[in-house]
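Visitor: just the structure for this:
(chains A and B)
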Amino acid sequence: MTGKKNIVLFGYGNFARHLYKNLATSGHKIKVINTLEESATAFEDEDVDITLINIKKNEDVLSLGINPETDLLYCAMSKTANNLFLVLTLKALYPNADIIAISNSYENTRKLKYAGAGSVIDLYEATSRRVVNMFTRPAVTKALDEIIYNQNNIKMAEIELPQNSFLEGVSVSEIDFKAIGIILIAIIDKELGQELIFIDHRIDHKLDAGDTLVVVGLIDKLQDFKDKLELEE
Amino acid sequence: MKDKKNIFVSLAYFFASSRKYQKIKSFFRDILENDQYPYKKYFDIFMITIILTSVTILVIDVRNHIPVWLDDFDLYFITFVFVVEYLLRLWVYSDIHKMLIEEYEESLFFDKKLSLFKVFGKIFKSKWQYISSLAAIVDLIAILPSYRGVRVLRVLILFRAFKMLRYAKSLTGFLFVLKNKKFELLTLLTLSAFFIFISGIMLYVFEGDNDNPNIHNLFDAFYWALVTISTVGYGDISPITTEGRVVSMLIIITGIGLISFFTSIIVSSFSERLSSLREDRVVQEIGKKQNLTVICGFGLLGRLVAQGFEKEGIDFVVIDLDEEKANLAYEKGYSAICTDATQSHTFERLGIQDSIASVLCLTSDDIQNAFIAINVKSLNENVYVAARCSDEEIAQKMKFAKVDQLIMPEKIASMMGSVYAGEPAAFEVLLSIVEEKAKTQIDEIVVTKNNFMDSKSIKEINFNKYRIILLGVFQKAHTQGSIGEFIFNPEDDFILNAGDKLICIGYVSAIANIKRKA
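Guide: Purely as a prediction, here's the structure:
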């Protein structure tokens, strides 16, 4: 499952605006769509081109020319009701579309998933955990800041093993990740399906081409590792 | 002109400068008058016990003869306690030395002679204010029964029971509720008096002239009217003529109306005051706590945070201006107050100086959050304030207001959202780590002194054996209370020391296992 590069972003409220910035910095091509009613309260950034549509009209949505094979759809409207309706519309028009939606509570997450969103991000869940952690486990909060939230040189990344790499046929326990300078957190072992498996050293996985590694490391170390995988054939 | 200080003024200055005197006075003031003072409770219980004892002795004395020692106890000890209490209250009511000094300094300022007569007049006036207050009069009357000469005075012991109102706050709370309905109750009273008056006279006119053997005078008629109108109806006096019976029928119907009116007044005044009574309780409960966290705003985020706090056992109180939301918090069993967090008295009531350790501004409105944050910081700068905001620009302003921590849900969620594009597997890992819903979680493990990890290298410990992944180490901070430097993915020969914090990812039970060992 390679990432889709083209992004269609519905909504341009607080959350969507942050999302736009993040996605733009990681080099994605983004198309921003909004509804007339939400555009009244949305931000106006000069360099962002926003297409206004009526999500209740199928022809409006169809006219966007979404290609479910290459586009990743973000439903990030300010109102959860609009998001829900949007997910439903998109799913009806493009059954194979990859939809990620924003939700504001646990129960709405359930509804969005039911409507057909592939992944749902709860706006408050992560934040509330963070606030509680600030009091109970300050070190965890700080570590997460370093690894995930702050834009510094530590990054989490996923790497799909190419054909005939030097890790082909090697067991996880045999690889000295410490020497490479990265930490392996989870893998998707293709032989076992699409399920994400956290590394807990109970089962030793044998790596093959097509397996996905989720690793954390310094950006240059990650790049070195990727280069090395591509090189040695 | 140099005025020679007279003896009163020097004494006043002596008391004003004596710390011991101030301390003793403030102690008595607290124990007598300050509801927030933790030891006042014991004093109140002691006084209630004494009063009940005194009333019990009175009751026993009616039929049985009480032993002499008990009578002496009643006469000397209880009276002594009451007298001392009365004098103490009189003493703490106002500060004589302050008034003296004030007058003296004023006289210096205007270059006048200090008029002692005027000063003592002023002092007497302020003390008289206390003596003439209702509570003080009740106190005084409660002392009187100690004089055994007049038997009737014994009944005044019941005034001691009235004194209990002072010590039991719930009783005064009830009276306070009624006070708010003064107008309605007065109307009702007037109305009832009017009906009793009319019907009493009517009955007396119809049956007073020897028709009815039970009605001797107008008083009997009024007594009958009250008994009937209140629907008590003893039946010791009952009308015998048709006219009298018609009057009865009328006032019985009126009486039912009056009683339901009375009930509705009481009920409605209680339901009106319910929320403020509840608030008082919450404030009282909070007064006892230390390290309290205040959550301002019980919206979607506030709810989740409250849930997390409850699970982790952190003391908190919820404030929301919206009554519905405050009620929701209350129904969930949290301490909740419906009030405006942008007002300073809200936090003063909650004890911003000593009870509150941190304040979270979690409303969905940035401006409101900034308002609350500034309110708190201006009251006490040492309180930890975390505020929610949606935008970097606003974040800058919040930092200017010295907010300790900014909470940006949109930023955090969007960070995760952007990971999804391109790296869905990494996203899934992130989601399970930050939302802490999956069985694999991130946690911190502290290396304690002489722990199995103390002074060992990473290689020696071999975290693989414990089935956890070591992400990094926070080295022990050199200054108290802060967290040291974060060392990401430490080398194999890195030596752990006591005080270091390990950041690990692992299966919940694997982390619990290593924590048990640690």
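Visitor: can you tell me how far the closest residue in space to B:Ser269 that isn't next to it in sequence is from chain A?
Guide: Once flanking residues are discounted, B:Ser269 sits nearest to B:Lys181: 4.4 Å by CB to CB, 6 or more residues apart in numbering or on different chains. For every residue, glycine as well, the C-beta is placed using N, CA and C. From B:Lys181 across to chain A, the span is 42 Å (CB to the nearest CB, to the nearest Å).
Visitor: mind giving me the packing neighbours of the helix or strand where B:Ile24 lies?
Guide: Element membership of B:Ile24, judged by DSSP states H and E, is helix B:19-33. Applying 3 or more CB pairs under 8 Å, 6 or more residues apart in numbering or on different chains; DSSP states H and E, we find helix B:19-33 packed against helix B:40-63, helix B:79-93.
Visitor: what number of residues lie near the nearest residue to B:Phe162 once chain neighbours are set aside?
Guide: Nearest residue to B:Phe162, sequence neighbours excluded (CB to CB, 6+ apart): B:Val138, at 5.1 Å. For B:Val138, the count of nearby residues is 16 (other CB atoms under 10 Å in any protein chain shown).
Visitor: now do the contacts for B:Val138.
Guide: B:159, B:162-163 (CB atoms under 8 Å, 6 or more residues apart in numbering or on different chains).
Visitor: show me chain B divided up by domain.
Guide: Per automatic domain parsing, the structural domains of chain B span B:7-167, B:182-273, B:289-407, B:439-517.
Visitor: how far out from the middle of the chain is the third one?
Guide: Using CA atoms, centre = their mean, to the nearest Å, the mean C-alpha position of domain B:289-407 is found 19 Å from that of the whole chain.
Visitor: likewise for the last one?
Guide: Centroid displacement of domain B:439-517 relative to its chain, using CA atoms, centre = their mean, is 44 Å.
Visitor: which parts of chain B are strands?
Guide: Counting by DSSP state E, one finds strands in chain B at the ranges B:292-296, B:316-320, B:335-338, B:356-361, B:384-388, B:405-407, B:440-446, B:468-474, B:486-488, B:501-507.
Visitor: partner strands of the second one, with direction?
Guide: Translated: strand B:316-320. strand B:292-296 (parallel), strand B:335-338 (parallel) (DSSP bridges).
Visitor: then the fifth one?
Guide: According to DSSP bridges, strand B:384-388 forms sheet pairs with strand B:356-361 (parallel), strand B:405-407 (parallel).
Visitor: tell me the most buried of these?
Guide: Ranked by mean neighbour count, the strands paired with strand B:384-388 are led by strand B:356-361 with a mean of 25 (mean count of other CB atoms under 10 Å in any protein chain shown).
Visitor: need the residues that contact that one.
Guide: Contacts to strand B:356-361, defined as CB under 8 Å, 6+ apart, come from residues A:131, A:135, B:290-297, B:302, B:305, B:341, B:347, B:350, B:368-370, B:372-373, B:376, B:380, B:383-388, B:407.
Visitor: again, only this time at 6 Å
Guide: B:291-296, B:350, B:369, B:372-373, B:376, B:383-387 (CB atoms under 6 Å, 6 or more residues apart in numbering or on different chains).
Visitor: same thing with stretch B:103-119?
Guide: B:9, B:100.
Visitor: which of the residues in it are buried?
Guide: For stretch B:103-119, the buried set under the neighbour-count rule, 16 or more other CB atoms under 10 Å in any protein chain shown, comprises B:103-104, B:107, B:114, B:119.
Visitor: on that earlier part again, including mean pLDDT, could the domains of chain B go into TSV?
Guide: Shown next, in TSV, are those (pLDDT from 0 to 100):
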stretch	mean pLDDT
domain B:7-167	82
domain B:182-273	90
domain B:289-407	88
domain B:439-517	81
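Visitor: OK, contacts around B:Glu444?
Guide: With CB under 6 Å, 6+ apart, B:Glu444 has these contacts: A:137, A:139-140, B:501, B:503.
Visitor: which helices and strands sit right next to the worst-scoring helix or strand of chain A on mean pLDDT?
Guide: Sorting the helices and strands of chain A by mean pLDDT, DSSP states H and E puts helix A:36-39 at the bottom, at a mean of 78. Using 3 or more CB pairs under 6 Å, 6 or more residues apart in numbering or on different chains; DSSP states H and E, no helix or strand is in contact with helix A:36-39.
Visitor: so B:Phe206 is in contact with B:Gly244, correct?
Guide: Yes. Using CB atoms under 6 Å, B:Phe206 is in contact with B:Gly244, at 4.9 Å.
Visitor: need the overlap of contacts for those two.
Guide: Here B:Phe206 and B:Gly244 share no contacting residue, scored by CB under 6 Å, 6+ apart.
Visitor: now, the most widely separated pair of the contacts of strand B:356-361?
Guide: B:Asn291 and B:Asn369 (22.2 Å; CB to CB).
Visitor: who has more neighbours out of those two?
Guide: Just comparing B:Asn291 and B:Asn369: by other CB under 10 Å the higher neighbour count belongs to B:Asn369, 29 against 11.
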